[in-house]
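Asks: no sequence for this one, just the structure:
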């Protein structure tokens, strides 16, 4: 009986002590073991700036806002060894989440490309407006439902540069036989102009350019390109045409997401949306900072713009490819028509607001 009484007293003391610890903030709910442990696979390597940082920020927000109830472990491509296998792994439930770019899946479904970017398409503010208020999210859901995956905007780079080239591109003939890394629909366009197009994982780009496996590549822009060192090998840096608003994607296994409590679904959705916007702002900032350093730190870099003749040929090839694909795929046509109609509407405002201001004040 005395033993039972001592045990009861001990339990009371322990409970009171625990309450005091909680009250004084020494042990918070966030320190407790999470009820939901998820894994996220990303296309980017360990420590990859901006893209990878957006994923880290999202995971940290989920942990904090859920008071530790949910935790997301991030696996880089260094670990899972499948930079372009993110969609398949999330679809299979091997990973609950992924972070990548939609146009990497064009071989599985050509319609995924629209949700990253398209040549001569919308700029970032226009694209975000289309996603959230112009029907883009609904169309993206329609495409990713086939994969058993929910897709969410995952961060925008804004307008990307047209790429790094070992030699100057003066005429269309200079494209003939040129080996270039360029993904998405832009690769299809340049292929029409004689370029030998390939897609290479981010971590292998410098080596491929250095060894002559490719003659040119496009990656992002000053925010990331200079850190990759491409300017050491290919000095001609061209302005963009192909990716005016490159949106990455968070992908979530539908069954896993639907099984979450409603409050965690809301927390996860909010964290992804904030991380996406934050990546857009940071990418723009880093590009501005790095662009300012090019002339001083990399005097060998030669900034170029493709000639009117080349741009015209690109547009013609792009229009023909769009028309041909739309004729064969009703869903492709539906999304293309949606983007065209929205761009026609929103571009009038872009022209009279941002463009008119910049044209008169630069």
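Replies: All right, it came through fine. Keep in mind that what you see is a predicted model, and the values were worked out from it rather than measured.

Asks: from here on, contacts and neighbour counts on C-alpha atoms
Replies: Noted.

Asks: thought residue 226 was touching residue 292?
Replies: No. The criterion here is Cα atoms under 8 Å, and residue 226 misses it with residue 292 at 11.7 Å.

Asks: Neighbour count for these two, which is higher?
Replies: Under the neighbour definition other Cα atoms under 10 Å, residue 226 and residue 292 were set side by side, and residue 226 has more, 18 against 12.

Asks: ok, now which ones touch the more buried one?
Replies: If a contact means Cα atoms under 8 Å, 6 or more residues apart in numbering, then residue 226 has residue 290 as its contacts.

Asks: what about it, distance to residue 297?
Replies: 10 Å (Cα to Cα, to the nearest Å).

Asks: before we move on, what about residue 124?
Replies: Computed as Cα to Cα, the residue 124 to residue 297 distance reads 29 Å.

Asks: Pick out whichever of the two has more residues nearby.
Replies: For the pair residue 124 and residue 297, the greater number of neighbours falls to residue 124 (20 against 10), based on other Cα under 10 Å.

Asks: Just give the closest residue to that one, not the sequence neighbours.
Replies: Of all residues not flanking residue 124 in the chain, residue 245 sits nearest, at 4.6 Å (Cα to Cα, 6 or more residues apart in numbering).

Asks: That neighbour and residue 101: what is the separation?
Replies: Going from residue 245 to residue 101 by Cα to Cα gives 12 Å.

Asks: does the residue nearest to residue 124 count as helix, strand or coil?
Replies: Secondary structure assignment for residue 245 (DSSP: H, G, I helix; E, B strand; the rest coil): coil.

Asks: What helix or strand is the residue nearest in space to the middle of the chain located in?
Replies: Centroid-nearest residue in the chain, with Cα atoms, centre = their mean: residue 248, separated by 1.9 Å. According to DSSP states H and E, residue 248 maps onto strand 247-253.

Asks: List of residues touching that strand?
Replies: By Cα under 8 Å, 6+ apart, strand 247-253 touches 87, 90-91, 93, 95-102, 115-117, 148-158, 272.

Asks: ok, now stretch 143-155?
Replies: Contacts for stretch 143-155 (Cα under 8 Å, 6+ apart): 51, 54, 90-91, 99, 111-112, 137, 140-141, 247-255, 272-273, 275-280.

Asks: same check, this time on stretch 227-243
Replies: 117-121, 159-168, 186, 206, 209-210, 216, 298, 300-306.

Asks: Going by neighbour count, which of the residues you listed are buried?
Replies: 117-121, 159-166, 168, 186, 206, 209, 216, 301-302, 304-306 (16 or more other Cα atoms under 10 Å).

Asks: Inside strands: which ones of these?
Replies: Using DSSP state E, the subset of the buried ones among the contacts of stretch 227-243 located in strands is 163-165, 216, 302, 304.

Asks: all helices in the stretch 251-362 of the chain, in order from the N-terminus.
Replies: Counting by DSSP state H, counting those that start in this stretch, residue ranges of the helices within the stretch 251-362 of the chain are 254-258, 262-297, 308-328, 330-350, 356-361.

Asks: Give the closest residue to residue 254 in space, chain neighbours not counted.
Replies: Nearest residue to residue 254, sequence neighbours excluded (Cα to Cα, 6+ apart): residue 149, at 5.0 Å.

Asks: On the strand side of things, show who that neighbour bridges to.
Replies: Taking DSSP bridges as the rule, residue 149 bridges to residue 253.

Asks: domains for this protein, by residue range?
Replies: Domain assignment for the chain by automatic domain parsing gives 35-156+245-285, 163-242+299-328.

Asks: Show me the one of these that comes nearest residue 352.
Replies: With Cα to Cα, the closest approach to residue 352 among those belongs to domain 35-156+245-285: 13.7 Å.

Asks: and the closest one, how far from the chain's centre?
Replies: 8 Å (Cα atoms, centre = their mean, to the nearest Å).

Asks: same question, stretch 153-169
Replies: That offset, for stretch 153-169, works out to 13 Å (Cα atoms, centre = their mean).

Asks: low pLDDT regions in the chain?
Replies: Confidence mapping of the chain against pLDDT under 70 gives the ranges 1-32.

Asks: make it 90
Replies: 1-33, 295-296, 362 (pLDDT under 90).

Asks: one step back: bridging residues for the residue nearest to the centre of the chain?
Replies: Following DSSP bridges, residue 248 is listed with bridge partners residue 101.

Asks: And for residue 210, nearest residue in space, chain neighbours not counted?
Replies: Nearest residue to residue 210, sequence neighbours excluded (Cα to Cα, 6+ apart): residue 233, at 6.4 Å.

Asks: Just give me the neighbour total for that neighbour.
Replies: 18.
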